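Peer 1: Provide a 3D model corresponding to the input given below.
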Amino acid sequence: MLTLPIVFIIFKKSLVSLILISLLLSACTQQIEFQPTITFVVEIQPTPIQIETVQPTEQIGLEQSPIVIGYVISGNPSDYEILAEDMISALEEKTSYAISFVAYNNPQSAFDDLRLGNVHFFFIQPLTYLAASERDLVDPLLVSNHFGLYNYGTQFFANKDSMFNSYFDQKTNKATTTADFALRQFEGKRPCWTEPSSLSGTIIPFGILAQNGISFLPAAYLQNPASVVRALYIKGICDFGATYAYSGDPRTSSQVINDLPNILDQIDIIWQSEAIIPSLGLSASTNVPVQIQNDIKNAFLNLITSDDGKSIITDALQYDIQGFISIEDDYYDQLRKLVEAANINPYQHLGY
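Peer 2: Now for the predicted structure:
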């Protein structure tokens, strides 16, 4: 027989074994078995994108929706609208469209109406055209002949005593050399400009100098061409100045030559640009159908062929019109480059 201690030892070992086996079985039952995830493919229909439909432009040229011709003026709008009645009647007769004329003395209001499509055709000055063209608001149609010129330019003046060399031929009315050569002598000198929005008296001469890398001192702004040549005559205000060219000579204006009869001998033209500034133009809103654009354009071209027609248009605009020629956007390219060279934002000079 086994003794009690031996039995106890055997029992104790058996108990330990049972406990260990129990723990192992428990661990096995707690082990997590990961099964592959079942993927369900659900076909989702895309949400339709709501696209705003562009409605066709209301038909224009009818009594209830006349074609609107706009124009920026400096006087009383109602006076201009009365003066334009004969021109509008002539255009209606030639086209069978209903047409109205709106005069603005606020260039920003005119531009806003053009942007909104409330104006269909616009008699437009060069800087305003550039601003509208940048925004794809207009198609150019015509440029006008103003006192015999479709374009004008700028010219640089200086007092003879300043000892600048002149590169201008009075007989041919042309420059004899390039701007970079002729105007280099103005490096570090002070100009007299007219007023900030003037193309011929400020922006274009500034652009020509900038385009040719010619730096200069801060300018004196004298508001008008007569004041510029007067300042050069008396000296001490500026070293050179610029005003319009081809459309006249400010030295011979009555405000100058009556007081300064020897000014032609004392003030020299140093250099003159080409005629690069377009006269008053006619543009159409890009919203206007091409057929209507052509009809209005051809009506103006037809009307201007007679002396009576020239008078009717001149009276309506209070601006001498002797003719029209058809143009494309590239007609403004030279002007555009010089305006950019002068670092001018055309939108800040609406109405010019």
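Peer 1: Tell me which other helices or strands the host helix or strand of Gln293 touches.
Peer 2: Assigned by DSSP states H and E, Gln293 belongs to helix 290-303. Counting contacts by 3 or more Cβ pairs under 8 Å, 6 or more residues apart in numbering; DSSP states H and E, helix 290-303 packs against strand 67-72, helix 85-95, strand 138-145, strand 281-285, helix 307-317, strand 323-326. For every residue, glycine as well, the C-beta is placed using N, CA and C.
Peer 1: Just want the angle from that helix to helix 85-95.
Peer 2: Note on geometry: by axes from the mean of the first three to the mean of the last three Cα atoms, to 10 degrees, helix 290-303 and helix 85-95 are set 120 degrees apart in direction.
Peer 1: What lies in contact with helix 290-303?
Peer 2: 60-61, 67, 69, 87, 90-91, 94-95, 97, 120-121, 139, 141-142, 282, 284, 309, 312-313, 324, 326 (Cβ atoms under 8 Å, 6 or more residues apart in numbering).
Peer 1: swap the cut-off to 6 Å and go again
Peer 2: Applying Cβ atoms under 6 Å, 6 or more residues apart in numbering, the contact partners of helix 290-303 are Ala90, Leu91, Lys94, Thr95, Phe121, Leu141, Ala284, Gly309, Phe324.
Peer 1: Most neighbours among those residues, which one?
Peer 2: Phe121 (28 neighbours; other Cβ atoms under 10 Å).
Peer 1: With adjacent residues omitted, what lies nearest to Phe147?
Peer 2: Spatial nearest neighbour of Phe147, excluding adjacent residues (Cβ to Cβ, 6 or more residues apart in numbering): Asp320 at 5.3 Å.
Peer 1: In a helix, that neighbour, correct?
Peer 2: No: read with DSSP: H, G, I helix; E, B strand; the rest coil, Asp320 is coil and lies in no helix.
Peer 1: Surely it and Gly148 touch.
Peer 2: No: counting by Cβ atoms under 6 Å, Asp320 stays clear of Gly148, with 9.1 Å between them.
Peer 1: Have a look at those two and say which one is more surrounded.
Peer 2: Asp320 (15 against 10).
Peer 1: where in the chain is pLDDT low?
Peer 2: Within the chain, the ranges that satisfy pLDDT under 70 run 1-57.
Peer 1: can you give me the strands in it?
Peer 2: Per DSSP state E, the chain carries strands over the ranges 67-72, 99-104, 121-124, 138-145, 151-159, 168-169, 174-175, 191-193, 220-221, 240-245, 267-272, 277-278, 281-285, 323-326.
Peer 1: got CSV for the ones you listed, with distance to Leu183 too?
Peer 2: Below are the strands of the chain laid out as CSV (distance: least, Cβ to Cβ, whole Å):
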stretch, distance to Leu183
strand 67-72, 33
strand 99-104, 38
strand 121-124, 30
strand 138-145, 28
strand 151-159, 7
strand 168-169, 12
strand 174-175, 10
strand 191-193, 11
strand 220-221, 18
strand 240-245, 9
strand 267-272, 6
strand 277-278, 18
strand 281-285, 29
strand 323-326, 31
